[in-house]
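Enquirer: When you get a sec, could you give me coordinates for this:
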Amino acid sequence: MSRYLKTVFIAVAVTLVTGYLVVMSVLPREAGKAEVKCHTVECRFSDSAVHQYISAGQVRKYLHQVGHYPVGRTLDAIALQSIEDTLAAHPIIATANCYMGADGTMYIELTQRTPILHVVTGKQNYFVATDRLPMPVWSTIRDTVLEAGGQLSMEQACGEVADFAQWLKGDSVWSARVARIELPQAHQYILYLRGDSTEYILGDLNNYETQLRRLSVFDSQRTNLPETHYGQVDLRFDNQVVTRP
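Expert: Model (predicted):
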């Protein structure tokens, strides 16, 4: 046999042996999946130190209700992606990552959606989350967030008002002072501060940071004046604050 044919023969033999070993190593694992059953579901919340709106028991109950509870099923019959998608569709869950342990335990790592705005009008009552999408009022959500009302559409609530609420949440001074924002008519937003019935008129929400700085200056000057209650404080005009009884 020539050296060339011998080299080809050896290469083919090595390939066949390697393929055989790979197949033989995979078969036991696949056979194992058909035999091992899921026996428990363990839920882990990565944000539980911040808030806990839904419990592990409620997650398991939800999977039961939608027909995706894995306990009792063999590993090869469990569609992890479908379970993740189902959990992510839950109104309180933001993300879900599922994986199986070799012993038949399913681990689910979860994060929860976080409300930043509570919309309460004559017809509507819902939260807006940090993802700028509505979420239902949930009994376990007791967070102090900005309230909004008036003639507010869901598009406005999930858009410009949610942006304002997110900014407000990051400002330690104003987040403690502002209680509610109203939209009594188009592009005429009014703020209400905690413990204060005065209407603080913003107009639109294009320049609220400047307007609130203007209000801070007005408040500092007002401390040197006789105490006066204003029905309205209008912040819409450049370089001035207009007060009305």
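
Enquirer: Enumerate every residue touching residue 100.
Expert: Residue 100 is in contact with 38, 75, 78, 80, 106-107, counting by C-beta atoms under 8 Å, 6 or more residues apart in numbering. C-beta: built from backbone N, CA, C; applies to glycine.

Enquirer: Just among those residues, which is most surrounded?
Expert: residue 106 (23 neighbours; other C-beta atoms under 10 Å).

Enquirer: Quick check: neighbours of the host helix or strand of that one in the sheet, parallel or antiparallel?
Expert: Assessed by DSSP states H and E, residue 106 sits inside strand 105-112. Take DSSP bridges as the rule and strand 105-112 pairs in its sheet with strand 40-45 (parallel), strand 93-100 (antiparallel).

Enquirer: and of the contacts of residue 100, the nearest to residue 220?
Expert: residue 107 (54.6 Å; C-beta to C-beta).

Enquirer: hang on, isn't the closest one packed against residue 84?
Expert: No - using C-beta atoms under 8 Å, residue 107 is not in contact with residue 84, being 11.9 Å away.

Enquirer: shared neighbours of those two, anything?
Expert: residue 98.

Enquirer: Per-residue pLDDT of the residue most central in space within the chain, please?
Expert: The centroid of the chain falls nearest to residue 113 when counting by C-alpha atoms, centre = their mean (2.8 Å). As predicted, residue 113 sits at a pLDDT of 96.

Enquirer: With residue 12 instead?
Expert: Residue 12 carries a pLDDT value of 46.

Enquirer: Lowest-confidence member of the contacts of residue 100, which is it?
Expert: Among the contacts of residue 100, residue 75 carries the lowest pLDDT, at 90.

Enquirer: Could you verify that residue 64 is part of a helix?
Expert: Yes - according to DSSP: H, G, I helix; E, B strand; the rest coil, residue 64 belongs to a helix.

Enquirer: Go ahead and list the helix or strand containing residue 212.
Expert: Residue-wise, residue 212 maps onto helix 208-222 under DSSP H and E.

Enquirer: elements contacting that helix?
Expert: Helix 208-222 makes packing contacts with helix 162-169, strand 199-203 when contacts are defined by 3 or more C-beta pairs under 8 Å, 6 or more residues apart in numbering; DSSP states H and E.

Enquirer: one step back: how about TSV for the contacts of residue 100, with distance to residue 183 added?
Expert: As requested, the contacts of residue 100 are exported to TSV (distance: C-beta to C-beta, whole Å):
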residue	distance to residue 183
38	50
75	53
78	48
80	44
106	46
107	45
